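Novice: next input, structure requested:
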Amino acid sequence: MTERFSCGYITTTHGIKGDVKVQVYDGDPGRLAGLKDVVLSNGKEEVKVEIAGAKTYKGGALVHFKGYDSINDVERFRNYELMIDRSQAQPLSEGEFYIADMIGASVYADISSELGDTSAQTSDLEDTSAPSIPGFTYFGTLKGVDISHPTPIFVIMHGEREILVPKAPDFYISADPEKHILKIHIIPGLL
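Specialist: All right, here's what the predicted structure looks like:
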């Protein structure tokens, strides 16, 4: 399991006093108020910052970092991820999981799924290292989760194709972060 992961990302600046708007991944921007420090990362650069203040704002959060008191100080952080240690993360409720723990998971579709003209290809996709699950067939690998929509979207690599599957009751069956397995249902017309 990942020991450090992103809890959100900076979308833009706000005002001239160094505040930034943050889109949080778990849907609860109030959780940022409980954090003391985070690491800002764009994949190339990491900057450790102390949170001086955070509040809920229009579905996201407004955050101010100690020592960054001007818009000029924070403009470069646009699109940076807010990285936290697992020890700083909020406890999970039953059935919840951290997205970072599921990236790269084996994805299985129930065999009653409508796999359409790609059903012949699923045997070619079989991951020999992935366990066999009764009632399911190997479908692909979880590449990521797009949380920019009201319902999160699983981004699944199905062979060479990227398939988008909403985390909605008609599609999502279950996730097991410990076994690194995601189970889905494919409905007609999705592929």
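Novice: so where's the protein shaky on pLDDT?
Specialist: 1-2, 26-27, 112-130 (pLDDT under 70).
Novice: change it to 50
Specialist: Within the chain, the segments meeting pLDDT under 50 span 116-124.
Novice: where exactly do the strands run in it?
Specialist: For the chain, the strands defined by DSSP state E occupy 4-14, 19-24, 37-41, 46-57, 60-65, 81-85, 106-110, 136-146, 153-158, 161-166, 172-176, 181-184.
Novice: can I get these in a markdown table with mean neighbour count?
Specialist: C-betas here are computed from N, CA, C, even on glycine. Below are the strands of the chain laid out as a markdown table (neighbours: other CB atoms under 10 Å):
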| stretch | mean neighbour count |
| --- | --- |
| strand 4-14 | 19 |
| strand 19-24 | 22 |
| strand 37-41 | 18 |
| strand 46-57 | 14 |
| strand 60-65 | 22 |
| strand 81-85 | 19 |
| strand 106-110 | 23 |
| strand 136-146 | 19 |
| strand 153-158 | 19 |
| strand 161-166 | 16 |
| strand 172-176 | 15 |
| strand 181-184 | 22 |
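Novice: among those strands, which is nearest E75?
Specialist: strand 4-14 (5.8 Å; CB to CB).
Novice: helices or strands next to that closest one in the packing?
Specialist: Other helices and strands packing on strand 4-14, by 3 or more CB pairs under 8 Å, 6 or more residues apart in numbering; DSSP states H and E, are strand 19-24, strand 37-41, strand 60-65, helix 71-74, strand 81-85, helix 99-102.
Novice: what bridges to Q23?
Specialist: Beta bridges link Q23 to Y9, judged by DSSP bridges.
Novice: got the contact list for it?
Specialist: Shown in contact with Q23 (CB atoms under 8 Å, 6 or more residues apart in numbering): G8, Y9, T11, G60, I147, S148.
Novice: from those residues, which is closest to G95?
Specialist: Closest approach between the contacts of Q23 and G95, by CB to CB: I147, at 17.0 Å.
Novice: which residue sits closest to that closest one, ignoring its sequence neighbours?
Specialist: Of all residues not flanking I147 in the chain, Y25 sits nearest, at 5.3 Å (CB to CB, 6 or more residues apart in numbering).
Novice: wait, the one you found sits on G60?
Specialist: No - Y25 is beyond contact range of G60, at 10.8 Å (criterion: CB atoms under 8 Å).
Novice: overlap in contacts of these two?
Specialist: Common neighbours of Y25 and G60 (CB under 8 Å, 6+ apart) are G8.
Novice: for L92, which of the strands of the chain is the nearest?
Specialist: Here strand 172-176 is closest among the strands of the chain (CB to CB), at 11.4 Å.
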